[in-house]
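> here is a sequence together with a model predicted from it:
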Amino acid sequence: MGYHVYKLMQGQEQQENLWTQLTTAAITDTAYAASGWQALANGEHKWAVKTVYTGGVLSNPAFSNMLRKWPNDLSALTISGNTTPTVSAPSTYVVRIKNTGTSAQSAGSYTVKIFSGTNELASVAGPAIAVNQELDVSVVWTPTTAGTIQIFGKVVLPGDLTPANDSTNPMNVLVMPAGQFGYTVGEGDQLARVPLDMFYKASLFQSLYYPAELGNFMGFLQGIQFYNNFVTNLPNMPTKVYIGTTTLDDLSADWIPMDDSFTLVFDGTIDYPSGENVITIPFNEPFMYLNGENLVVTVLRPMDTVYYNTNDRFEAQTIGTNRARKAFSDTITYDPAVPPAPTTTQLSGQFPKTTFLGIPGGVGHLAGQVTNTSSQPLQGVLVSLQDTGYQGTTADNGQFLIEYILPGTYTASFSRYGYITTTQQVTIVEDETTYSFITLQAMPQVTVSGTILASDTGSPLAGAAIYLQGYADYTANTNAGGVFSIPNVYANQSYEYNIMAPGYTSQSGTINVASTNYSMGSITLSEIAYAPHSVVAELNDTYTGVNVNWQVPDPTAIEITESFEDEAFPPADWGQIITNNGPANTNGVYPTFSRLGTIPNTPNNVVPSHGAYQAGMWWSYEHQDEC
């Protein structure tokens, strides 16, 4: 008996005339090395094997799995970033790409671009990417013209074999005029009748917006945008918008009344066209937002004479459970200064996708770059101003930008895993950008070593496992001489250690690793003293004594016990399948496993073997319980 091996393409399984026979004579081995992979054509390849019996009789083929040879294929998956960029102001967009080919691509061998239609808006050289790896690539675009535009990300690789997957889905952006910025809160992945409920004649809506959601913006708010999806064309609809600030983090207790501390920023009529539209509500007067508190937005639909379609809705999302309240009625005229009594049905985490239009003012900005000691840019460095909420992260070029900082002197902290945290005093000046350029030093690394000995022999223990947990986690095993060595341990850190070996009691503790190699010395593990098991006590036949029997210690025999002294049953790590929920019997035992004390019984009560409680059930042919 022997075998023949064949090469074919995926889809040719029933076209044997297209196969290539790789074995001229039958082979007896059950393995075959097919050479020439690099010379094969791009595509999806398979191999077939037939058994050769006496007289040259061949079996049906057995087919291998498919191997794909498709060296050059990069895909652009998604694009994300600022949906309301500003003319002449750079905005960073993240294009997620994936190497869907079968060859790694080196840095600079491809580019990642942003397009609008056929117009290239921005481009950056791509980093090295392995097969099947996904990467986020930052691309900076500086808009030149205000207005609505669709953009998409694209990866460009010379010789790409699948151009159809080179581009992301388009992303809608609204480019703001120079000096004006838009801050969008929410994804809009739901549809809801907020902030105005056109299905009722009147409605009142209130929601909180948090500073971090607005990029810690400080300045003047000039308008607000909502995103409708109506089936009814509703022009000239009376609308009122109030804005203020609060230190409250939610609306779980009540509405916030719109008293004199809040501003009626819009009181007029707005067109709400049918279809999908951006509804822009310009404020009658700007709202100055400088205190950094949570924003409160209240929207009133004054009492109307008619109601409209239930599907006249806005793009919305739900974040949390208590940041918003909504009331609606065909008979109640709402007064934002005296809102309705709070109810649980008013409260939710649902609020409309919202864009705030504003001009930064009374604030400054912090920008700069972080590099390593070789002057290479460092990505992912956390830049934060201590004792504030201002922070940002460096992009792949090492650059960062933290906007809308109140003027003053701050301590800026620069930190990244594996590097020594550095601080710097920075002074923020109104309407100016302060620049900071920082070099981070890599944390020093040392070696932790030691020797593990056995208590019973005093000899070295081979194969003992050593674990360090702390700033980073490490593991090692001892060699035949009981010696272990853990290189590249971050210095100037404390680590919890745990040392284990079969047949010995584990040992744990803490070591403080300084800036030089650390020796833990000789550590002796105590031999485990195994107890005998299966101890049984029985009265003798004459009831004059007790015979006690047990098994000799056996490291592989483990006695498992479980306590039923806790109120909870079954214990937390047990499962229980209940098939009978009937009442207890005359002895007080239920037809499912439960926690019991002493069970009255004739002639002898059933007493717990340990403690005051035991587990039990009464059984019938009607059910079977499992615990």
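In hand now; what should we look at? Numbering: from 1, shown residues only.
> which strand or helix spans the residue lying farthest from the centre of the chain?
Among residues of the chain, the one most distant from the C-alpha centroid is Thr542; the distance is 70.7 Å, by C-alpha atoms, centre = their mean. Using DSSP states H and E, Thr542 falls within no helix or strand.
> now Leu221
strand 219-230.
> what mean pLDDT does that strand have?
For strand 219-230, mean pLDDT rounds to 92.
> which parts of the helix or strand that it is followed by are buried?
Downstream of strand 219-230, the next assigned helix or strand under DSSP H and E is strand 234-246. The neighbour-count check on strand 234-246 (16 or more other C-beta atoms under 10 Å) flags Leu234, Met237, Thr239, Lys240, Val241, Tyr242, Ile243, Gly244, Thr245 as buried. The C-beta positions use only the backbone N, C-alpha and C, and glycine is treated the same way.
> helices of the stretch 101-250 of the chain, start to end?
Taking DSSP state H, counting those that start in this stretch as the criterion, the stretch 101-250 of the chain contains no helices.
> what about Asn284, neighbour count?
Using other C-beta atoms under 10 Å, Asn284 is surrounded by 12 other residues.
> on the three-state scheme, it is what?
strand (DSSP: H, G, I helix; E, B strand; the rest coil).
> now the phi/psi pair for the closest residue to it other than its chain neighbours, please.
Nearest residue to Asn284, sequence neighbours excluded (C-beta to C-beta, 6 or more residues apart in numbering): Phe266, at 5.7 Å. Note on Phe266: its backbone torsions stand at phi -150, psi 130 [degrees, to the nearest 10].
> same deal with Asn17?
Dihedral angles for Asn17 - degrees, to the nearest 10 - are phi -70, psi -20.
> any idea how far Tyr6 is from it?
11 Å (C-beta to C-beta, to the nearest Å).
> higher neighbour count, these two?
Of the pair Asn17 and Tyr6, Tyr6 is the one with more neighbours under other C-beta under 10 Å, namely 20 against 5.
> the more buried one reaches Leu22, doesn't it?
Yes. Tyr6 is in contact with Leu22 according to C-beta atoms under 8 Å; the separation is 6.4 Å.
> quick one, what contacts Leu378?
By C-beta atoms under 8 Å, 6 or more residues apart in numbering, the residues touching Leu378 are Val370, Thr371, Asn372, Thr394, Gly398, Arg416, Tyr419, Leu440.
> which elements pack onto the one helix or strand the first one maps to?
Using DSSP H and E, Val370 maps to strand 364-371. With contacts taken as 3 or more C-beta pairs under 8 Å, 6 or more residues apart in numbering; DSSP states H and E, strand 364-371 sits against strand 382-385, strand 399-405, strand 422-428, strand 433-439.
> what sits up against the third one?
Right, strand 422-428. 363-366, 385-386, 405-415, 434, 436, 438-441.
> if any of the residues you listed are buried, put those into a PyMOL selection.
Only the buried entries of these go into this PyMOL selection, using 16+ other C-beta under 10 Å:
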select buried, resi 363+364+365+366+385+405+406+410+412+413+414+434+436+438+440
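> which stretches in the stretch 201-350 of the chain count as strands?
With DSSP state E, counting those that start in this stretch, the ranges of strands along the stretch 201-350 of the chain come out as 202-209, 219-230, 234-246, 263-272, 275-289, 294-301, 313-318, 324-329, 347-348, 350-352.
> now for Ala472, how many residues are close by?
Ala472 has 15 nearby residues by other C-beta under 10 Å.
> that one contacts Ala491, doesn't it?
No. Using C-beta under 8 Å, Ala472 is not in contact with Ala491, being 11.2 Å away.
> between the two, what contacts are shared?
Joint contacts of Ala472 and Ala491 (C-beta under 8 Å, 6+ apart) do not exist.
> quick one: Phe262 from Val536, how far?
The gap separating Phe262 from Val536 is 80 Å, by C-beta to C-beta.
> between the two, which has more neighbouring residues?
Phe262 (20 against 9).
> can you read off the pLDDT for the nearest residue to that one once chain neighbours are set aside?
Computed as C-beta to C-beta, 6+ apart, the closest residue to Phe262 that is not its neighbour in sequence is Gly244, at 3.5 Å. Per-residue pLDDT puts Gly244 at 95.
> not counting sequence-adjacent ones, nearest residue to Asn581?
In space, Asn581 comes closest to Thr592 once its chain neighbours are excluded; the distance is 6.8 Å by C-beta to C-beta, 6+ apart.
> kindly apply the preceding question to Gln206 instead.
Thr298 (4.5 Å).
> just to check, that neighbour is in contact with Met258?
Yes. Counting by C-beta under 8 Å, Thr298 touches Met258, with 5.6 Å between them.
> can you list residues touching both of these two?
Tyr242, Pro336.
> in terms of mean pLDDT, which of the helices and strands packed on strand 364-371 ranks lowest?
Among those, strand 399-405 scores lowest, at a mean of 88.
> what's the first helix or strand after it?
strand 408-415.
> relative to strand 399-405, how tilted is that following strand?
150 degrees (axes from the mean of the first three to the mean of the last three C-alpha atoms, to 10 degrees).
> ok, back up a step: got a list of what the residue nearest to Gln206 touches?
Contacts of Thr298 (C-beta under 8 Å, 6+ apart): Leu204, Phe205, Gln206, Val241, Tyr242, Ile243, Ile256, Met258, Phe262, Pro336.
> once you drop chain neighbours, what's closest to the first one?
In space, not counting the residues next to it along the chain, Leu204 is nearest to Tyr334; the distance is 4.2 Å by C-beta to C-beta, 6+ apart.
> read off the pLDDT value for the one you found.
Reading off the model, Tyr334 has pLDDT 97.
> where does this protein have its least confident helix or strand?
In the chain, the helix or strand scored least confidently by mean pLDDT, DSSP states H and E is strand 533-539, which has a mean of 69.
> so where do the strands sit in the stretch 51-200 of the chain?
Ranges of strands within the stretch 51-200 of the chain are 57-58, 62-63, 67-69, 74-81, 91-99, 111-116, 119-125, 134-141, 147-156, 171-175, 181-185, 190-192, based on DSSP E, counting those that start in this stretch.
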